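S.K.: generate a structure from the sequence data that follows.
(one chain, ligands or ions: 1)
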Amino acid sequence: VEASIPEPQREAWLKHQVGGFKDKDGFESNFVRHIETTLARSMFNCDETAAYAACSLAFRDRLILEWNRTQQRQTFADSKRVYYLSLEFLMGRALDNAMLNIGQKELAKGGLSDLGFRIEDVIQQEHDAALGNGGLGRLAACFLDSLASLNYPAWGYGLRYRYGIFKQEIIDGYQVEVPDYWLDFNPWEFPRHDVTVDIQFYGYVHKSTDENGKATARWEGGETVKAVAYDVPIPGYATPSTNNLRLWSSKAASGEFDFQKFNSGDYESSVADQQRAETISAVLYPNDNLERGKELRLKQQYFWVAASLYDIVRRFKKSRRAWREFPDQVAIQLNDTHPTLAVVELQRILVDLEGLEWDEAWNIVTNTFGYTNHTVLPEALEKWSVPLIQHLLPRHLQIIYDINLFFLQSVERAHPGDRDLLARVSIIEESQPKMVRMAYLAIVGSHKVNGVAELHSDLIKTTIFKDFVTIFGPDKFTNVTNGITPRRWLHQANPRLSDLIASKTGTHDFLKDLTLLNKIELSVDDPAFRKEWAAIKLANKARLAEYIKTTTGIVVNPSALFDVQVKRIHEYKRQQMNIFGVIHRYLRIKAASPEERKKFLPRVSIFGGKAAPGYWMAKQIIHLINSVGSVVNNDKDVGDLLKVVFLEDYNVSKAELIIPASDISEHISTAGTEASGTSNMKFVLNGGLIIGTCDGANIEITREIGENNIFLFGNLAEDVEDLRHAHNYGQHTLDPDLVKVFEAIEKGTFGDSKDFAGMITAVRDHGDYYLVSDDFQSYLETHDVIDEAYRNQEDWITKCITSVSRMGFFTSDRCINEYAEGIWNIEPLPIETAEPEKINS
Ligand code: AZC
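M.R.: A predicted model of the protein is given here:
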């Protein structure tokens, strides 16, 4: 049925086209209408939660119009689109972002105030959308912001988890996980009950020959689950472009199967089927940089990939173009290997369902996909067992084997007789059971592979994917250094700093072209500017101090040096080295005379981050941090000289509070292990300095801001292998200062030492894989350098201003432009601003 309204009736539509609001009065009337009708409340019954709801609905009304217009324009233009497939989108809060991107936060502030609310309190009511673990998911969210802000026709595709990343509570110093049920009220999603896809699992493959004698394969039987689309509008900054993030939710298919059960009286079992189907999209796996090969996870991956591809192919088919034009219309980016089955699924659609020849189909597939790698850690590289895939996706396994066969044949032709090479690059690992190496499948199925910072992109070419560089040549491998959106990470998180910068650059245009930040370097000596700069930092620290007091009871002095490490807890990120360093400082303070103590610079060591629930060592690290805190914070000898704080439940909205309040933040991974890091960029952009290893994007940050403005330490990536090798051959003398730290722990200074034995033996007895001891001295010395530098506040502020002015490179806008040009081959598609008179309020 044609859903389009015939021409004669369209006039009535146009006349009644609704709008958002265009002024404060319009906002207020919209707000009150939502309170009274949508929410069935009144002015006698309107708390901050209701105000948040009404305010969001009012802004949503605004957003929807531009969203519809953007989608219509993209459909009409029929130009190439990019689809960003990510199993994680760590969006955080939407209201503040929507108000700022639309440019009407001031208006809303006034309107809310007229109606009796403070905008800050209203914003705080929103539950974070936490559909991700850490860096990978937040990168996807920054990319969506940039794609919309730069007017690229782009869609995100993900899963609508009912439970996001768990909430972390700290009870008696231990992490406790609490489920994050976040969907009670979510005004930012639109269920599309009319957009559904049936997804098949299990079953068997039926092979036959058609009337022309051509072999065909059909996947039959098994069970079906329904994917339902939920759409989330993604507003661009200072542009009407509003893109779509489509998240799939699983439901039982209303097939005959359930119905029969129902008729035969087996009601309970048909309800159970229903629930089983719904578990597919129920929960986000809470592991960061770790893959555990669970069947349900593979089900999630296929469910999401199959629904997304069906949607993409359906949209392409509407244009009635030839299949060979598919890669001219569609670019699909694989965010890590999680969506790699999309390669196989598209090949299946083209060959089995659309009847294309294998080679023609494969050509289309490889020209469509790009693959981004985010890690070299072996435990994070996905492998799925062949028997599991065989069981769940029998036809896909056959296609994977065929892809591998043709790939290995081509390798054999180019490198005859090199059997080792064939074994090394085979997509199938000949282990017991056999495993499918997803990264290899992603490389073979894509036309470009990129790493996320220069060092990382070099490392993948020389280590884990070396053979593939030999086979495909170096041009297939490229680098796109990560970036962050300055809208959320400067303007939203640190509005006063954003406005101060604007007062010097003339406008807020730097939020669209971050290289304009370089203008503030001219003001580095301007006393009024410097004074305001320092005042903003102090105010941000005071705000965090207040938060620390209300949430932990710990009183910290805002003029102390705030030293922050917030990120997922992982041995490779080395929070253990940080807390060992804190203990070392504590021991020095204790050993000092009252006179000597006066020479210490007061510090607050702030930690935050979640441990994967099954990651025992990471949990031990959290426990040690908290145990050290309870001793140090209550030690009269120490007073304000040292405080240790662990902030519970680190997430995006807390990052927006913490990052602007940092003086020094720690990015201290073992060299070569952190692919990029992105919080390093956020801290520097907010006028904090960083201590870091020569790892990931730290290296490029140093190049941009100058080595005088960063505190680097530790061994280099090129030396890591030799050091590990030496450890394993017994050449490992522990750093003497670290020995003192271990002694203090083992004496029971911070409680039962058995609780922390694992952390000590990992370094002392089990080869110190992350080189904590090797880097410890240089780490401590660098912290002493930081103390000295901080005493000279004038120099310190100069470093901060200079660094911010040189951060232009790290905007995710630059990143997205590089993907668009070098990988996706897409162009922006600007949307004209609506004529205001056409919008009724
Ligand atoms: C992370 C990397 O650890 C981090 O260094 C990088 O900044 C981020 O991706 C964005 O590229 N990786 C992950 O979160 N997870 C995996 C599986 O790599």
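S.K.: residue 27 and residue 43, how far apart?
M.R.: 16 Å (Cβ to Cβ, to the nearest Å). For every residue, glycine as well, the C-beta is placed using N, CA and C.
S.K.: show me what contacts residue 84?
M.R.: 140, 143-144, 147, 154-157, 333, 335 (Cβ atoms under 8 Å, 6 or more residues apart in numbering).
S.K.: again, but for residue 294
M.R.: For residue 294, the contact set (Cβ under 8 Å, 6+ apart) comprises residue 285.
S.K.: what about residue 563, is that helix, strand or coil?
M.R.: Here residue 563 is recorded as strand under DSSP: H, G, I helix; E, B strand; the rest coil.
S.K.: so what's it up against?
M.R.: Per Cβ under 8 Å, 6+ apart, neighbours of residue 563: 603-606, 662-666.
S.K.: out of the contacts of residue 84, who's nearest residue 300?
M.R.: residue 157 (12.8 Å; Cβ to Cβ).
S.K.: how about the closest one: what's its closest non-neighbour residue?
M.R.: In space, and not counting its chain neighbours, residue 157 is closest to residue 308: 4.0 Å by Cβ to Cβ, 6 or more residues apart in numbering.
S.K.: what is the burial count for the one you found?
M.R.: 26 (other Cβ atoms under 10 Å).
S.K.: C-terminal to the helix or strand it falls within, what's the next element?
M.R.: Using DSSP states H and E, residue 308 falls within helix 295-318. As assigned by DSSP H and E, the chain's next helix or strand after helix 295-318 is helix 326-329.
S.K.: in that following helix, what's buried?
M.R.: By neighbour count with 16 or more other Cβ atoms under 10 Å, helix 326-329 contains the buried residues 326-327, 329.
S.K.: how about stretch 713-722?
M.R.: Of the residues in stretch 713-722, 713-715, 717, 720 count as buried by neighbour count, 16+ other Cβ under 10 Å.
S.K.: again, but for stretch 31-48
M.R.: Quick answer for stretch 31-48 (16+ other Cβ under 10 Å): 31-32, 34-35, 39, 41, 46.
S.K.: return the residues of the stretch 451-600 of the chain in contact with the ligand.
M.R.: Residues of the stretch 451-600 of the chain lying close to the ligand (Cβ under 6 Å from any ligand atom) are 452, 482.
S.K.: now the stretch 501-650 of the chain against the ligand: closest residue?
M.R.: residue 568 (7.7 Å; Cβ to the nearest ligand atom).
S.K.: that residue contacts residue 288, correct?
M.R.: Yes. Under the criterion of Cβ atoms under 8 Å, residue 568 makes contact with residue 288 at 4.3 Å.
S.K.: what about the nearest residue in space to residue 154 that is not next to it in sequence, distance to residue 756?
M.R.: With sequence-adjacent residues excluded and distances taken as Cβ to Cβ, 6+ apart, residue 154 is closest to residue 147, at 4.0 Å. As judged by Cβ to Cβ, residue 147 and residue 756 stand 45 Å apart.
S.K.: so between those two, which is more surrounded?
M.R.: With neighbours defined as other Cβ under 10 Å, residue 147 and residue 756 compare such that residue 147 has more, 27 against 22.
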